[in-house]
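Enquirer: Here you go, sequence then predicted model.
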Amino acid sequence: MRESAYPMLEFDVALDRVLEHVPVLPGVERRFDEAQGWVLAEEICATEPLPPFPASTVDGFAVVAADGTAPRRLVGEQFAGHSIDLEITPGQAARITTGAPMPAGADAVMMVEWSHEEGGRVAFTRPVQPGDFIRPIGSDIASGEAVLLPGSRLGPTEIGLLAALGISKVQVHRRPVVGVMSTGDELVEPGVAPQSGQIRDSNRFSLIAALREAGMEPLDLGIVPDSWEALQAIIARGLARCDALLTSGGVSMGERDLVKPLLEQGGTIHFGRVNMKPGKPVTFATLEGKPFFALPGNPVSSLVSFEVLVRPALCKMSGLPAAAWQRPRFFAVLEQEVRHSPERPEFQRAHLRFAREVIYASTTGNQASSRLLSMLGANALLFLTGGRGDFAAGESVEALFLGG
């Protein structure tokens, strides 16, 4: 019986080894409005206060609060975006719009809903206190305040803050460009009718979609036949254009499983087996200093291996902080008995739901690593420890939350 030359690593050891050997990509300068989804490589501090002037928070009338509800004489109008030489003294009021600067002398704003105008004068139904409905200078952001920290992923809020602060260019980490290929003579493109013994390639497209969802930049390297020369050529092309490479298939112990032998010849294999199900033959190497992830060919094995080993590595490469490299983990209560072999720890696909302050988990049915349907509707991976058999309904197990 043939034995693998690679020792079986425990999952946590394998993940640590991956994270140890992947680099954080350097920073590049980008326009702020073209940096959505990228990760900041610098601290962003405010160079001026926001707002830069005392501003009204409502439509109404700028007044002197001490006048109470007594009628005032209207002496002008103050609109947002305009500055006029206007001063309010006791007994006076000025019409003001939301966001407009406060006129000199006014210390509060009366809401328009509380007002009654007649003959150039305005009276009010209730009093205000000094400072009511006024946004002071720097109340949103103080001058010099650290607004965004390195490692922040730029989303709609962050882009808006950069615009408000007048920051037109930012230093961000390069998003990893990841070359994706599927290996095997049996594979054809989705639009091709398979011949006898052939199947359509699904792994490549699942992995490309997973990369995009994670904020990375995939490069489709296509299907590679079971040929040493073809595999060498595609890998060389990928290394010239990518920060990391990702293959599916060709990592078991068959005569035409060529990925590991090629990596042995030209790179450094950090591990070639992991004590997990699915995904045992997953392989991680560096080739010309770049991370190379060789995933199993079964569709679920490929996606699960990506989720638990590849995605954290790419998150690190993109500059995200360590706390964001892995998905959130929770303990969930099983809603039914879960069959499990004690042979290896297992990641079972499951759906989590929240009810009465408890997280419940139910698996997605048949967990065969070839059954891509087991990923459909799954928003979690249940981590079932090795060394024991089935798990009973009502037991708590650790769950890796995938979102949704």
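Expert: Perfect, thanks for sending it.

Enquirer: Report the helix or strand with the lowest average pLDDT across this protein.
Expert: Least confident helix or strand of the chain, by mean pLDDT, DSSP states H and E, is helix 259-266 with a mean of 92.

Enquirer: Give the buried residues for that helix.
Expert: Neighbour counts using 16 or more other C-beta atoms under 10 Å place 259-260, 262-263 of helix 259-266 among the buried residues. Glycine gets a C-beta too; all of them are placed from N, C-alpha and C.

Enquirer: Residue 383: what secondary structure?
Expert: strand (DSSP: H, G, I helix; E, B strand; the rest coil).

Enquirer: ok so, going back, for the least confident helix or strand of the chain, what is the distance to the chain centroid?
Expert: Once both centres are worked out by C-alpha atoms, centre = their mean, to the nearest Å, helix 259-266 turns out to sit 33 Å from its chain's centre.

Enquirer: The helix or strand just after it: partners in the sheet, and parallel or antiparallel?
Expert: Once helix 259-266 ends, the next helix or strand along the chain (criterion: DSSP states H and E) is strand 268-271. Strand 268-271 has its sheet partners listed here by DSSP bridges as strand 283-287 (antiparallel).

Enquirer: Please work out the angle formed by the directions of whichever helix or strand comes after the partner strand and strand 283-287.
Expert: Using DSSP H and E, the helix or strand that follows strand 283-287 in sequence is strand 290-295. Here the directions of strand 290-295 and strand 283-287 differ by 150 degrees (axes from the mean of the first three to the mean of the last three C-alpha atoms, to 10 degrees).

Enquirer: strands paired with strand 290-295, and their directions?
Expert: Counting by DSSP bridges, strand 290-295 is paired with strand 244-248 (parallel), strand 283-287 (antiparallel).

Enquirer: Could you list the buried residues of the first one?
Expert: What that stands for is strand 244-248. Applying 16+ other C-beta under 10 Å to strand 244-248 flags 244-248 as buried.

Enquirer: ok, now the last one?
Expert: Applying a neighbour-count criterion of 16+ other C-beta under 10 Å, one finds 283-287 buried in strand 283-287.

Enquirer: try stretch 146-156
Expert: Applying 16+ other C-beta under 10 Å to stretch 146-156 flags 147-148, 150-154 as buried.

Enquirer: need the contact list for the residue sitting nearest the centre point of the chain.
Expert: Central residue of the chain (C-alpha atoms, centre = their mean): residue 214, 5.8 Å from the mean position. By C-beta atoms under 8 Å, 6 or more residues apart in numbering, the residues touching residue 214 are 311, 314-315.

Enquirer: how far away is it from residue 5?
Expert: Using C-beta to C-beta, to the nearest Å, residue 214 is found at 32 Å from residue 5.

Enquirer: go on, residue 103?
Expert: Applying C-beta to C-beta to residue 103 and residue 5 gives a distance of 81 Å.

Enquirer: So for those two, which sits in the more crowded spot?
Expert: For residue 103 and residue 5, the more surrounded residue by other C-beta atoms under 10 Å is residue 103, and the numbers stand at 24 against 11.

Enquirer: give me every residue that touches the nearest residue to that one once chain neighbours are set aside.
Expert: When the adjacent residues along the chain are set aside, residue 103 lies closest to residue 86, with 4.3 Å between them (C-beta to C-beta, 6 or more residues apart in numbering). Going by C-beta under 8 Å, 6+ apart, residue 86 touches 75-76, 78, 94, 103-104.

Enquirer: could you redo the last one with a cut-off of 6 Å?
Expert: 76, 94, 103 (C-beta atoms under 6 Å, 6 or more residues apart in numbering).

Enquirer: Against residue 361, how distant is it?
Expert: On the measure of C-beta to C-beta, residue 86 and residue 361 end up 64 Å apart.

Enquirer: No more questions from me, cheers.
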